[in-house]
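Visitor: Next input, structure requested:
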Amino acid sequence: MKRRVVLSAFLIFLVTVLISCSGGDGKKTTHRTRELFVANPLTSTITVFGASAHGDVTPLRAFGGLTGLSLPKGVAIDTKNNEIFVVNALNYTVTVFARTAMGNTAPLRTISGALTSLNEPVSIAVDPVHDEIFVGNYGGLVTVYARTATGNVPPLRSISGDATGLMGGRIRVAVDTIHNELLALNDGSGTISFFPRTANGNVLPIRTISGVYGGLSIAFDTLNNEIFVGTYSSVVVYARTASGNEAPLRTLAGDSTGLGWAAGIAVDPANDEIYVANNRADQNSITVYQRASSGNMPPKRTLSGDLTGITLPLSIAADTINNEIMIGHENDSLTVYERTAYGNTPPIRTIVMTPYLKNT
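Guide: Model (predicted):
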């Protein structure tokens, strides 16, 4: 069943504003104007319209939480174009920010609306080579957009249907720009399905890896031809060409690893490391490992503590050009750290809506 976000109410206020100004004769003249203030609880914003406005009109102004972040379950960094892409599961949007954005800043552009087909999006991958973005949604759906898409636009292509093998789950995506393949991790069926990058419609996958149960996140290493899957308690690694019920190359698991609900995973082939966002309440951390780690191996370093601002992390992306990592959190914020940060280290910048408007 297709899930929808239901808003309990919008708060609407009709306000009469008195504006005083001086006329040519030096006397003050008072103008009376009526405006409609709409409080949007889902986005923590207030938009202002003329009292007589109707139809699909642009607001006069807006204030409050401007980021548009709403359960940011997927984040990707485009180092070629210096942009951050975020999928928001609660308000069914894709928001795009400048790489160096911080504070209560509005996105550069937003993909949203019925035409987009977005349905509780949970993951995103950027393909700077072909100027496209891939979004994994709830209900066995992958949607593809132009990198610069904005507004209520239909996808360039979409993958869904019985033949795809994606039905019934949340889809986490990764893109292999070298071999022109799309990887789709289905948490419902415990599979990774591979499609041609340009696949569209109800198409059969090229191949499928089965038995990948508990998959929460996926990353692809183009340099070493490996697939990394974060699960509830492990990181499982497969060869790029694996198929069927093929055994993983290695598994990182055990009490010493510090893993707990690996909601986000990123691979850094340049520095031979992997980064994991641990969403379990008693973990609430970012753990970093050597790329080839396996067994019950402890992390090289751990980022956690009150100063870090890490609050039930949902997603993570690595910027290997600018040596930074970015994390999306359940409290609707994005935090950025130096790649080598560890311990109770504060972020170097944060994108977050105005604190007093947040439901934390």
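Visitor: going forward, measure contacts and count neighbours with C-alpha atoms only.
Guide: Fine.
Visitor: need the contact list for residue 311.
Guide: By C-alpha atoms under 8 Å, 6 or more residues apart in numbering, the contact set of residue 311 is 284, 329-331.
Visitor: Same check on residue 74?
Guide: Taking C-alpha under 8 Å, 6+ apart, we find residue 74 in contact with 86-88, 121-124, 264, 314-316, 328.
Visitor: Would you point out which residue is most central in the chain?
Guide: The residue lying closest to the centre of the chain (C-alpha atoms, centre = their mean) is residue 74, at 2.2 Å.
Visitor: Work out for me the element it sits within.
Guide: Assigned by DSSP states H and E, residue 74 belongs to strand 72-78.
Visitor: centre of the chain versus that strand, how much separation?
Guide: On the basis of C-alpha atoms, centre = their mean, to the nearest Å, strand 72-78 is displaced by 4 Å from the centre of the chain it belongs to.
Visitor: List the neighbouring strands of that strand plus their orientation.
Guide: The strands beside strand 72-78 in its sheet (DSSP bridges) come out as strand 83-88 (antiparallel).
Visitor: quick one: average pLDDT of the helix or strand following the strand it pairs with?
Guide: Of the helices and strands lying after strand 83-88 in sequence (DSSP H and E), the nearest is strand 93-98. For strand 93-98, mean pLDDT rounds to 98.
Visitor: Domain parsing of this structure, as residue ranges.
Guide: Here the domain parsing of the chain from automatic domain parsing is 1-64, 66-357.
Visitor: and among these, the most buried is which?
Guide: domain 66-357 (a mean of 20; mean count of other C-alpha atoms under 10 Å).
Visitor: Let me see the contact set for residue 198.
Guide: Here residue 198 is in contact with residue 157 (criterion: C-alpha under 8 Å, 6+ apart).
Visitor: when you check the contacts of residue 311 against the strands, which ones overlap?
Guide: residue 329 (DSSP state E).
Visitor: Kindly indicate which of the contacts of residue 311 lies nearest residue 97.
Guide: residue 329 (16.0 Å; C-alpha to C-alpha).
Visitor: can you pull the pLDDT of that closest one?
Guide: Predicted confidence (pLDDT) for residue 329: 97.
Visitor: The closest residue to it other than its chain neighbours and residue 202, how far apart?
Guide: Nearest residue to residue 329, sequence neighbours excluded (C-alpha to C-alpha, 6 or more residues apart in numbering): residue 313, at 4.3 Å. For residue 313, the distance to residue 202 (C-alpha to C-alpha, to the nearest Å) stands at 33 Å.
Visitor: Take the contacts of residue 74 and write them to CSV, including distance to residue 145.
Guide: Shown next, in CSV, are the contacts of residue 74 (distance: C-alpha to C-alpha, whole Å):
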residue, distance to residue 145
86, 13
87, 13
88, 16
121, 13
122, 15
123, 14
124, 11
264, 22
314, 23
315, 20
316, 21
328, 21
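Visitor: and of those, the nearest to residue 229?
Guide: Out of the contacts of residue 74, the member with the shortest distance to residue 229 (by C-alpha to C-alpha) is residue 264, at 9.1 Å.
Visitor: Please settle this for me: is that closest one part of a strand?
Guide: Yes. Under DSSP: H, G, I helix; E, B strand; the rest coil, residue 264 sits within a strand.
Visitor: contacting residues around it?
Guide: Contacts of residue 264 were listed using C-alpha under 8 Å, 6+ apart, and they are 74, 216-218, 230, 276-278, 313-316.
Visitor: From those residues, which land in strands?
Guide: Per DSSP E, those map to strands at 74, 217-218, 230, 276-278, 313-316.
Visitor: now, among those residues, which is nearest to residue 170?
Guide: For those, the nearest to residue 170 is residue 217 (10.4 Å; C-alpha to C-alpha).
Visitor: can you give me the strands in the stretch 101-250 of the chain?
Guide: Listed in chain order, the strands of the stretch 101-250 of the chain (DSSP state E, counting those that start in this stretch) span 109-111, 123-127, 132-137, 141-146, 157-159, 171-176, 181-186, 191-196, 207-209, 217-221, 226-230, 234-239, 250-253.
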